[in-house]
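Asker: Sequence first, predicted coordinates after that:
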Amino acid sequence: MKKSHRAKGFGTVFKRANGRYVYQFPGSNGHKKTITLVDAEGNPITVREEAETAAEKIFQDITRIRQIDSRVEYMDKVAKEKQLIVQLTVDLPHLWEFYLNQPNRPDSGAVTLQSYHSIFELFLKYCRDHQIMSLADLSEEVAANYMFGCWQQGISARTYNKHLQALKLIFKTCTKDNSPFRSLKAKQAETEGRKPFTPAQITAIFQKLDEPEYYMLYKPEMRIMMLLGLAFGLRLHDAACFQWSYIEDGAVRFKPAKTRRCLHHELILPIPPILQEEFALAKKWKRDEYLLPNVAARYRTNSSGISQDISKLLEASGIQTKETADNGIRRQVYTNPRGERCMRHIGRYSFHSFRHTFCSLAANAGNDLAVIRSIVGHTNESMTEHYTHYSLESKRKVIASLPLPQYEKTDGQTAPFAALISGLPATKLPVLVACLEEVLSSEQKEEIVHRLA
C-alpha cells in the first residue's frame with residue numbers, strides 16, 4: 001500500500017508484537033522517544049488508521065511548540081512536552097485507566113490498587129465539585145488546596161500521608177515530573193500505637209462474647225476470628241480471610257497478606273487445642289475456601305463494619321477503646337466539616353490489639369523473642385532464614401503460654417471434643433493416638449500418663 005508523504009522529523013508509527021501501536025519521534029534533546037498510542041479513554045490503540053491519526057495530532061502539537069522563539073516560552077515548552085501525550089489524549093476522569101495501562105507503574109497488589117483507586121476517586125470528586133476536569137487546569141495550587149482540606153477534616157498524619165503518597169504516585173507515573181503534588185510534603189507521623197490487652201481484659205472479652213444475650217453478627221465466626229488474632233497474632237485481613245487450605249497436619253501454613261511478597265517462607269504454626277475445637281465446629285458451615293465464609297465476604301465489602309463490631313464488643317467488656325489526645329499530640333483539637341472545633345480521640349484498642357497482646361504476653365512469659373517473631377512473621381530476610389530452625393515444639397510452648405479461653409460445659413451439654421471422644425469407634429483409636437502424638441508436647445504427654453496411671 002502506498003504510504004502518504006510525511007513532514008520531515010515526523011518519526012515512525014509501528015505495531016508491536018502485542019498488537020499495540022507506538023509512535024517513535026525525535027525528542028527535544030535529539031534522542032528518540034517511543035510512546036504507546038492510546039485513545040481518549042486511555043486504552044492502547046490497535047487499529048492502524050487510528051494510530052496514524054493520533055500520531056499526526058501529537059506531531060502537530062510538538063511542531064507548534066518547537067516553533068516558539070521566546071526563551072520564556074521555550075522553557076515552558078520543555079515542561080509541557082513531557083506531559084504532552086497525557087494532556088492531548090487523556091482527560092482527568094480517565095486518568096485512572098491511563099495509570100493502570102502504564103508499563104512503568106509499580107506492580108501493586110489488588111488490595112493496594114483498590115486503596116489507590118478509592119483515594120483517586122475522592123480527589124476526582126473534589127475536582128468535579130470545583131469544575132476541574134482537564135489536566136491542563138490541574139495546578140499545584142489545586143493540589144495544595146485539596147490536601148489542606150483533607151487535613152482540616154481532622155484525619156491523622158498517617159492517613160494524610162497515605163493519601164498524598166497515592167496521589168503523588170499516580171500523577172508522577174502519568175505526568176512524569178509535572179505532578180501537581182510533587183512539592184507537597186508529608187506530615188510528621190504521630191505515635192498512636194495500639195495497646196495490648198491484659199489477661200483480665202481477654203477474659204472479660206470472651207465472657208461477654210459468650211453471653212447468650214449479647215448479639216453480634218456472625219458471632220461464632222467472629223469468635224474464631226478473634227481467637228486467630230490472639231493465638232497467632234494475625235492481622236485483621238489474615239484472620240477474617242483465613243482459608244481451609246492453611247490447615248495441614250495439626251498446623252497452619254500460610255504467608256501473611258501484608259508481607260507475602262517479601263516473606264520467603266511460609267509461617268508454620270501449631271494449632272492450640274481451643275482452635276482445634278473451633279475448626280471442628282467450623283466444618284458444619286463450610287461452603288467455600290474460607291474458614292469463616294460470612295466474615296470473609298463481609299470483610300471484602302465492608303471491613304469497617306467488622307472493626308466497628310469489635311470496638312462495640314470491647315466497650316461492652318469494659319474496655320475504653322479511645323483516649324483523648326494529650327498535649328503531646330499536635331492535632332489535639334481540630335475543625336470538623338461543619339466548622340465545629342472538636343477534641344481529637346486516639347484509638348488505643350481494636351482488633352490489632354490482639355496482635356500486640358500475643359507479642360507482649362508471649363515475651364513477658366519468658367519466651368524467646370526470635371521464636372515470637374517467627375510466629376507473627378518478620379520480613380527481614382536474614383531473620384526469616386534464622387526462624388526456620390525453630391521447631392513446632394518451640395512455637396507450641398509460646399502459644400501454650402497465652403491465656404487462651406477454654407471450652408466449658410454449658411447448660412449441661414458435653415463439650416464438643418468430649419462428645420467426639422465418647423462416640424469414637426475402636427477402629428478410630430489408632431488415628432486418635434497418632435494425632436495426639438503429633439500435636440501434644442512432651443510435658444502434656446507426661447501429664448496424661450500421670451493422670452491415667
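Answerer: Happy to help now that I have it.

Asker: ok, residue 304 - how many residues close by?
Answerer: Counted with other CB atoms under 10 Å, the neighbours of residue 304 add up to 8. In this view, the C-beta of every residue, glycine as well, is placed from N, C-alpha and C.

Asker: Work out for me the element it sits within.
Answerer: Using DSSP states H and E, residue 304 sits in helix 293-316.

Asker: so what secondary structure elements neighbour that helix?
Answerer: Identification of packing neighbours for helix 293-316 by 3 or more CB pairs under 8 Å, 6 or more residues apart in numbering; DSSP states H and E yields helix 199-210, helix 219-232, helix 236-240.

Asker: Those: which one's closest to residue 403?
Answerer: Closest to residue 403 of the helices and strands packed on helix 293-316, according to CB to CB: helix 199-210, at 4.4 Å.

Asker: As PDB, could you dump the C-alpha coordinates of that closest one?
Answerer: Extracted C-alpha coordinates of helix 199-210, given in PDB (Å, rounded to 0.1, in the frame of the first residue of the first chain):
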ATOM      1  CA  PRO A 199      -5.200 -11.300  80.800                       C
ATOM      2  CA  ALA A 200      -8.200  -9.900  82.800                       C
ATOM      3  CA  GLN A 201      -9.400  -8.000  79.700                       C
ATOM      4  CA  ILE A 202      -9.100 -11.100  77.500                       C
ATOM      5  CA  THR A 203     -11.200 -13.000  80.000                       C
ATOM      6  CA  ALA A 204     -13.800 -10.200  80.000                       C
ATOM      7  CA  ILE A 205     -13.900 -10.000  76.200                       C
ATOM      8  CA  PHE A 206     -14.700 -13.700  75.700                       C
ATOM      9  CA  GLN A 207     -17.000 -13.900  78.700                       C
ATOM     10  CA  LYS A 208     -19.100 -11.000  77.100                       C
ATOM     11  CA  LEU A 209     -19.000 -12.700  73.700                       C
ATOM     12  CA  ASP A 210     -20.200 -16.000  75.100                       C
END
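
Asker: Buried residues, it. List them.
Answerer: Buried residues in helix 199-210, defined by neighbour count with 16 or more other CB atoms under 10 Å: 201, 202, 204, 205, 206, 208, 209.

Asker: Determine which two of those residues are furthest apart.
Answerer: 201 and 209 (12.5 Å).

Asker: Could you measure from residue 96 over to residue 291?
Answerer: Noted for residue 96: a distance of 34 Å to residue 291, by CB to CB, to the nearest Å.

Asker: who's more crowded, the two?
Answerer: residue 291 (27 against 19).

Asker: what residue lies at the spatial centre of this structure?
Answerer: residue 111 (5.3 Å; CA atoms, centre = their mean).

Asker: from memory it sits against residue 257, does it?
Answerer: Yes - assessed by CB atoms under 8 Å, residue 111 is found in contact with residue 257 at 7.0 Å.

Asker: shared neighbours of the two, anything?
Answerer: Common neighbours of residue 111 and residue 257 are listed as residue 237 (criterion: CB atoms under 8 Å, 6 or more residues apart in numbering).

Asker: Now the helix holding residue 304 - C-alpha only, CSV.
Answerer: The C-alpha coordinates for helix 293-316 follow below in CSV (Å, rounded to 0.1, in the frame of the first residue of the first chain):
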residue,chain,number,x,y,z
PRO,A,293,-17.2,-17.6,54.9
ASN,A,294,-19.6,-14.9,56.1
VAL,A,295,-16.9,-12.9,57.8
ALA,A,296,-14.6,-13.2,54.8
ALA,A,297,-17.4,-12.0,52.4
ARG,A,298,-18.2,-9.1,54.8
TYR,A,299,-14.6,-8.1,55.1
ARG,A,300,-14.2,-7.8,51.3
THR,A,301,-17.2,-5.5,51.1
ASN,A,302,-17.3,-3.7,54.5
SER,A,303,-14.2,-4.3,56.6
SER,A,304,-15.0,-1.2,58.7
GLY,A,305,-18.2,-2.9,59.8
ILE,A,306,-16.2,-5.8,61.3
SER,A,307,-13.9,-3.3,63.1
GLN,A,308,-16.9,-1.4,64.5
ASP,A,309,-18.4,-4.6,65.8
ILE,A,310,-15.1,-5.5,67.5
SER,A,311,-15.0,-2.0,69.1
LYS,A,312,-18.6,-2.4,70.4
LEU,A,313,-17.6,-5.7,72.0
LEU,A,314,-14.6,-4.2,73.7
GLU,A,315,-16.6,-1.3,75.0
ALA,A,316,-19.3,-3.7,76.3
